[in-house]
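Q: Predicted model, plus sequence, below.
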Amino acid sequence: MVKVEPIDRLQQLQSIVNRSPALVFVWRVEPGVWPVEFVSENVRQVLGYTADDFLSGRVSWVEITHPDDIPRLEKEVASLLERGRREFSQSYRLIKKSGEIVYMEDRNLVLPGSDGIPSRIQSIVLDVTQRKQVELQLEDTTRQLQSRQEELQRKNIALHEILAQIEEEKVEIRKQVSAVVDKLLLPVLRRLRNAGTPAASDLDLLETNLADLTSKFGANVAGEMSCLTLRQIEISNMIRSGMTSKQISERLHISLRTVETHRNVIRNKLGLSGNNINLAAHLHSLG
């Protein structure tokens, strides 16, 4: 059996390390400085710096660490050493000589001095940039999916609100149609039934009222004109259709004076008193 000398084993180990993607560092425990005492030669392939750059102090570990990560790393190491931890791991970003930012993970072993106080840290450092990029992409995709899901939920809630509003509007429309039928159509139909033979003017009025059922005027009957009585709405509709007070008097079998009284009350309720606005013209403007 060939005996392998310790020096040969060390060379073999260094050869294996230098052919691997893992970096090996040994630095002294001097927070804020962390001088490098040993670094594997493959640091050049991974970070672009030579081993001598670190060993000579021309390049420091702090200098190539992403500035946003330094406070956290310092705090973590201080806490771990204070608690007597001898092994720990960290994740952070390093800046290569080319300026490219890479993601790293390390495995650390604390080496105490002769007094038992930590004096050096031995680290195996791995470039995990590709894995980290996949993780970040996955996180971004997850955020986008969550955002889309939230947007769909908001739209779903809005849709339910719109459907509820439509149902309310349908109920209101049914009420309005019912009010228009009661106030515009039924009085004419009752008169036709009582008269036996319908007069042409009543048929014309009925046709007008049917058209008003879905018109703006029909909506006003259930809205602005809801303050009027059924008789006043009936007379308003006759005025709007062009009938004179005398024709209204004859059709409804009431006196001319009663028709004029109704006209004055209608004007008052519609806010036309004291001005020269024509009642028939105003009623036309409502439809």
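A: Happy to help now that I have it.
Q: Show me how this protein divides into domains.
A: 12-131, 174-285 (automatic domain parsing).
Q: how about those domains, which one is nearest T142?
A: T142 lies closest to domain 12-131 among these, at 16.3 Å (Cβ to Cβ). To be clear about C-beta, it is placed using only N, CA and C from the backbone, and glycine gets the same treatment.
Q: average model confidence for the helix or strand where L163 lies?
A: Following DSSP states H and E, one finds L163 within helix 129-180. Average pLDDT, helix 129-180: 84.
Q: three-state assignment of R44?
A: Assigned by DSSP: H, G, I helix; E, B strand; the rest coil, the conformation of R44 is helix.
Q: In contact with it: list those residues for me.
A: T50, A51 (Cβ atoms under 8 Å, 6 or more residues apart in numbering).
Q: rewinding a little: weakest of the domains of the chain by average pLDDT?
A: Among those, domain 174-285 carries the lowest mean pLDDT (a mean of 72).
Q: Pull up the distance across that one, start to finish.
A: End-to-end span of domain 174-285 (Cα to Cα, to the nearest Å): 24 Å.
Q: Any chance you could list what contacts the strand or helix carrying V110?
A: Secondary structure from DSSP H and E places V110 in strand 101-112. If you take Cβ under 8 Å, 6+ apart as the criterion, strand 101-112 is touched by 26, 29, 47, 66, 81, 85-96, 118-129, 131-133.
Q: of the domains of the chain, which approaches L145 most closely?
A: Of these, nearest to L145 by Cβ to Cβ is domain 12-131, at 21.0 Å.
Q: ok, now which ones touch G48?
A: Contacts of G48 (Cβ under 8 Å, 6+ apart): K96, K97, S98.
Q: so can I have a markdown table of those showing distance to G271, neighbour count and secondary structure?
A: Shown next, in a markdown table, are the contacts of G48 (distance: Cβ to Cβ, whole Å; neighbours: other Cβ atoms under 10 Å; DSSP: H, G, I helix; E, B strand; the rest coil):
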| residue | distance to G271 | neighbour count | secondary structure |
| --- | --- | --- | --- |
| K96 | 82 | 14 | coil |
| K97 | 86 | 13 | coil |
| S98 | 82 | 8 | coil |
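Q: quick one: the helices in the protein?
A: Shown for the chain, the helices assigned by DSSP state H span residues 6-18, 43-47, 51-55, 61-64, 70-82, 129-180, 186-195, 200-212, 216-222, 230-240, 245-252, 256-269, 279-285.
Q: wait, which of those is closest to W34?
A: Comparing those by Cβ to Cβ, helix 61-64 comes nearest, at 4.8 Å.
Q: residues of that closest one that come out buried?
A: W61, I64 (16 or more other Cβ atoms under 10 Å).
Q: How about stretch 71-88?
A: For stretch 71-88, by 16+ other Cβ under 10 Å, it's L73, V77, L80, L81, F88.
Q: Save those as CSV, and put in distance to N264 too.
A: As requested, the buried residues of stretch 71-88 are arranged in CSV below (distance: Cβ to Cβ, whole Å):
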residue, distance to N264
L73, 91
V77, 96
L80, 96
L81, 99
F88, 97
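Q: hmm, back to that, how about the domains of the chain, which one is nearest I166?
A: domain 174-285 (12.7 Å).
Q: before we move on, the earlier item: can I get the domains of the chain in a markdown table including distance to E150?
A: A markdown table is the format used below for the domains of the chain (distance: least, Cβ to Cβ, whole Å):
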| stretch | distance to E150 |
| --- | --- |
| domain 12-131 | 29 |
| domain 174-285 | 37 |
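Q: can you tell which of the ones you listed is closest to L159?
A: domain 174-285 (22.8 Å).
Q: coming back round to it: got the angle between the helix holding L163 and helix 230-240?
A: 90 degrees (axes from the mean of the first three to the mean of the last three Cα atoms, to 10 degrees).
Q: So for this protein, which residue is the most central one in space?
A: E151 (5.2 Å; Cα atoms, centre = their mean).
Q: For that one, give me its contacts.
A: So E151 contacts nothing (Cβ under 8 Å, 6+ apart).
Q: And it, how close does it get to E139?
A: The gap separating E151 from E139 is 19 Å, by Cβ to Cβ, to the nearest Å.
Q: Count residues in the vicinity of the closest residue in space to H284 that isn't next to it in sequence, would you?
A: Counting by Cβ to Cβ, 6 or more residues apart in numbering, R240 is the residue found nearest to H284 once chain neighbours are left out, at 6.0 Å. Close neighbours of R240, defined as other Cβ atoms under 10 Å, add up to 21.
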